[in-house]
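A.B. asks: Need coordinates for the following:
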Amino acid sequence: KSKEAEIKRINKELANIRSKFKGDKALDGYSKKKYVCKLLFIFLLGHDIDFGHMEAVNLLSSNRYTEKQIGYLFISVLVNSNSELIRLINNAIKNDLASRNPTFMGLALHCIASVGSREMAEAFAGEIPKVLVAGDTMDSVKQSAALCLLRLYRTSPDLVPMGDWTSRVVHLLNDQHLGVVTAATSLITTLAQKNPEEFKTSVSLAVSRLSRIVTSASTDLQDYTYYFVPAPWLSVKLLRLLQCYPPPEDPAVRGRLTECLETILNKAQEPPKSKKVQHSNAKNAVLFEAISLIIHHDSEPNLLVRACNQLGQFLQHRETNLRYLALESMCTLASSEFSHEAVKTHIETVINALKTERDVSVRQRAVDLLYAMCDRSNAPQIVAEMLSYLETADYSIREEIVLKVAILAEKYAVDYTWYVDTILNLIRIAGDYVSEEVWYRVIQIVINRDDVQGYAAKTVFEALQAPACHENLVKVGGYILGEFGNLIAGDPRSSPLIQFHLLHSKFHLCSVPTRALLLSTYIKFVNLFPEVKPTIQDVLRSDSQLRNADVELQQRAVEYLRLSTVASTDILATVLEEMPPFPERESSILAKLKKKKGPGTVTDLEDTKRDRSVDVNGGPEPAPASTSAVSTPSPSADLLGLGAAPTAPAGPPPSSGGSGLLVDVFSDSASVVAPLAPGSEDNFARFVCKNNGVLFENQLLQIGLKSEFRQNLGRMFIFYGNKTSTQFLNFTPTLICSDDLQPNLNLQTKPVDPTVEGGAQVQQVVNIECVSDFAEAPVLNIQFRYGGTFQNVSVQLPITLNKFFQPTEMASQDFFQRWKQLSNPQQEVQNIFKAKHPMDTEVTKAKIIGFGSALLEEVDPNPANFVGAGIIHTKTTQIGCLLRLEPNLQAQMYRLTLRTSKEAVSQRLCELLSAQF
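C.D. replies: The predicted structure is shown next:
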């Protein structure tokens, strides 16, 4: 039938159900269940339901299973946590939990878990553990209680109290019913990740239970045997639980665990008992989890080598997923000193997979494994294979391969001529994917090592003679020839004039930053080779340079020409002398790879490689090209612009997870950031209670904001206005988060156009995610050039904790009941302060509403007081908040009281709100 006919039929049925519910004749339980069930079906068809909720709640009090089931089902799907009926629902659930009827208790627990709201957690988080550990609770109810408590802990971990029940729940691992053990293991694993000491006793019990499962025949556990594999899901969960802890200290427990793992590895070698895929999937699931535990413990050389050999068999398996998982697990095994050599024996198989594998994700894992197994003995072979593969590699992984080749070439280079050849070859093959960090690093190492400078100059000179050169090669060539071109000038084939003409032939094909670098090379040539000075002066004097539309190029041409004309030979030699060695600083290429792959992926691997992780070169890297021209001559003037500290483009701040051996020198902390602009703190305070307006303004620049927030997400539009008639060049806004702020606040954005025309405005969108509560605010740093002058402005970005407030309406009784619940001293923060602004009632109301909380009328017995309520939403939790503002007009003072379930949140909100009055 048509959609219109369906809507007509549904409307008719809704009218009939409404009349039945409102009729004088009381409906019996069956009829009520039937009509509630129809409403539920209509809702599932996609139509709105705005009545019937009370009838569903009434069904909860029925003693019939089917009626109670429909009532709970309706509530789980259609009733939200803010409903006025939630108290009636909670009472019905409490009655069912207290009834000791296992069927009714199961329905109640399922409902709690399905809704899983913070209100449910507040009401039942203390009750469910009692049900779980009670001696007379039936097995099916224990299962439901464990999974229900797990659901509440995941949504509201702060509301699940740790107590005596924690030691008793561990003993559920010994329960005779494997369903209870499976549910309890899931719960304990999650709880142990946050509170490992509380559940330390679970290790021996988990090993004991695992041993019984592993050594049992498939017929022993008939109800829990899946395709001849005894209890595979429980085995996986127990192995995952053991990964929360180090190897057991008790020799008996440790020996028993080792036996279990050996048995699992032995069973993997046995012929399959079934040809069905379900059998192999279950068997391999247990095997891979066991290997993960072996890798996690990293203490049994025999097991690690056996695991490696087992994974090696999977590398040529016909199943793609198995090959992928084997490569992924071997990447981690390669970081262990016990199994690294065993992993290396599979190098030919991995290289073959790189060449023949159809699935790009498997090829990427093969690249990761080659990178992980690389050491000084096989580095030339692995780097050569990666370079060979790079020519046909998928575009999505080329940049990552380039970074890995650059890291390996530097790390294991004994002969630095090989390193230079490798990087130049890298630029030739995949120049578009060679990031600035890579060619900066080449220049650093060449400058810091005298023995390779002549070879590097000769090699780049020969590479530049190709008809088509990538721009990155021109940059490297320009820098190296500008510094060390004199080392090859004695050969007639690479005379100074030939070097100059070779570089200048590429000049017109390059971008503005590269041209600027080449101009700096030319002025270096004036110092190195006086015979080419007239030729270079002619180039600098040409209209294409002196009247260049780009201010940077024009300024360099003018200043360099003047410098070459006016300065004496001694001054010229001092200003343009060879670059000194770069200061010791760790490689930034690995830092970039860490950002790309995510925290813990690269640095942790390097951390565990122990002796192999030492940077054999120890060379620092140059920083990105500066756009400033020569203005203050100094003995070490960096005219090629590689000495300035870099500025990361505006975007998500790098994660601080894991402390790697290599410092992330391209993170925001390395940027030259101006102090906060005068007056910016006052502007920041004004944005605490509003989302739109002008954040900063001076004679050149205006920064406007427009923001919107919902729950733990937000979006901010930043408008940069050029108030002058001259364009801004190299306009770079950067979002900077401190180390404390980074884990708690995710900011994502894209770079803006680096040129802002006079009188124009550009927009930047920032996507915001609040992961956890925070106290600091990010800094917005803007750097640009105006008329040749470098400008650097920093302001605090008004992203504060209260922006993630969701107002909550409450009746007076509910408010004070919740107020009493939050009565612990650490949950309350109070501030008495002098009013800084006129004490206007309407303004105060507007500020409280703007702060994000709901303004509750007629709640406080004193009508002059202001009362608010709301919930701070973060990705990890929700934090309820109550506030009370008591003005004293005679004394011109306020008393602000804030109560939340977290002391740091109360403190921060109190600071922010106190500053508003």
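
A.B. asks: what about the helices in the stretch 101-250 of the chain?
C.D. replies: In the stretch 101-250 of the chain, the helices defined using DSSP state H, counting those that start in this stretch lie at 102-115, 118-124, 128-133, 139-155, 165-170, 178-194, 202-214, 232-242.

A.B. asks: Give me the neighbour count for the closest residue to Val170 other than its chain neighbours.
C.D. replies: The shortest distance from Val170 to any non-neighbouring residue, by CB to CB, 6 or more residues apart in numbering, is to Ser202 (4.8 Å). Heads up, the C-betas are built off the backbone N, CA and C, glycines and all. By other CB atoms under 10 Å, 29 other residues sit near Ser202.

A.B. asks: Quick check: which ranges of the stretch 151-300 of the chain have low pLDDT?
C.D. replies: Low-confidence segments of the stretch 151-300 of the chain (pLDDT under 70): 217-220.

A.B. asks: Ok, the stretch 651-800 of the chain next?
C.D. replies: Using pLDDT under 70, the flagged stretches of the stretch 651-800 of the chain are 651-672.

A.B. asks: Strands along the stretch 1-150 of the chain, start to end?
C.D. replies: In the stretch 1-150 of the chain, no segments count as strands under DSSP state E, counting those that start in this stretch.

A.B. asks: Which elements pack onto whatever helix or strand Gly714 lives in?
C.D. replies: Per DSSP states H and E: Gly714 is located in strand 713-722. Counting contacts by 3 or more CB pairs under 8 Å, 6 or more residues apart in numbering; DSSP states H and E, strand 713-722 packs against strand 701-710, strand 728-736, strand 761-770.

A.B. asks: at 6 Å what do you get?
C.D. replies: strand 701-710, strand 761-770 (3 or more CB pairs under 6 Å, 6 or more residues apart in numbering; DSSP states H and E).

A.B. asks: Could you export the helices of the stretch 101-250 of the chain as a markdown table, including distance to Gln444?
C.D. replies: As requested, the helices of the stretch 101-250 of the chain are arranged in a markdown table below (distance: least, CB to CB, whole Å):
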| stretch | distance to Gln444 |
| --- | --- |
| helix 102-115 | 57 |
| helix 118-124 | 53 |
| helix 128-133 | 59 |
| helix 139-155 | 47 |
| helix 165-170 | 54 |
| helix 178-194 | 41 |
| helix 202-214 | 48 |
| helix 232-242 | 44 |
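
A.B. asks: thinking again about what came up before, so which of the helices and strands packed on strand 713-722 is nearest Val438?
C.D. replies: When these are compared for distance to Val438 using CB to CB, the nearest one is strand 761-770, at 27.7 Å.

A.B. asks: Can you spell out which helices and strands pack onto that closest one?
C.D. replies: Using 3+ CB pairs under 6 Å, 6+ apart, strand 761-770 sits against strand 713-722, strand 745-749.

A.B. asks: list the contacts for Tyr149?
C.D. replies: Not Tyr; residue 149 is Leu. Taking CB atoms under 6 Å, 6 or more residues apart in numbering, we find Leu149 in contact with 128, 187.

A.B. asks: all strands of the stretch 251-400 of the chain, in order?
C.D. replies: Here the stretch 251-400 of the chain has no strands by DSSP E, counting those that start in this stretch.

A.B. asks: At which residues are the helices of it located?
C.D. replies: 251-269, 277-297, 301-314, 320-333, 340-344, 347-356, 360-373, 379-390, 395-411.

A.B. asks: ditto for the stretch 751-900 of the chain
C.D. replies: Using DSSP H, counting those that start in this stretch, helices in the stretch 751-900 of the chain cover 812-821, 841-851.

A.B. asks: Can you say which of these is nearest to Pro798?
C.D. replies: It is, among these and with distance given as CB to CB, helix 841-851, at 12.1 Å.

A.B. asks: Give me the buried positions along the closest one.
C.D. replies: Across helix 841-851, burial judged by 16 or more other CB atoms under 10 Å covers 844, 847-848, 851.

A.B. asks: Could you chop this structure up by domain?
C.D. replies: Using the TED database, the domain ranges for the chain come out as 374-576, 680-799, 802-915.

A.B. asks: Show the end-to-end separation of the first one, please.
C.D. replies: With CA to CA, to the nearest Å as the measure, domain 374-576 spans 41 Å from end to end.

A.B. asks: next one: the last one
C.D. replies: With CA to CA as the measure, the first residue of domain 802-915 is 13 Å from its last.

A.B. asks: centre of the chain versus that domain, how much separation?
C.D. replies: Domain 802-915 has its C-alpha centroid displaced from the chain centroid by 32 Å (CA atoms, centre = their mean, to the nearest Å).

A.B. asks: Looking at that domain now, give me its mean pLDDT.
C.D. replies: Here domain 802-915 scores 86 as its mean pLDDT.

A.B. asks: swap in the first one?
C.D. replies: Mean per-residue pLDDT for domain 374-576: 88.
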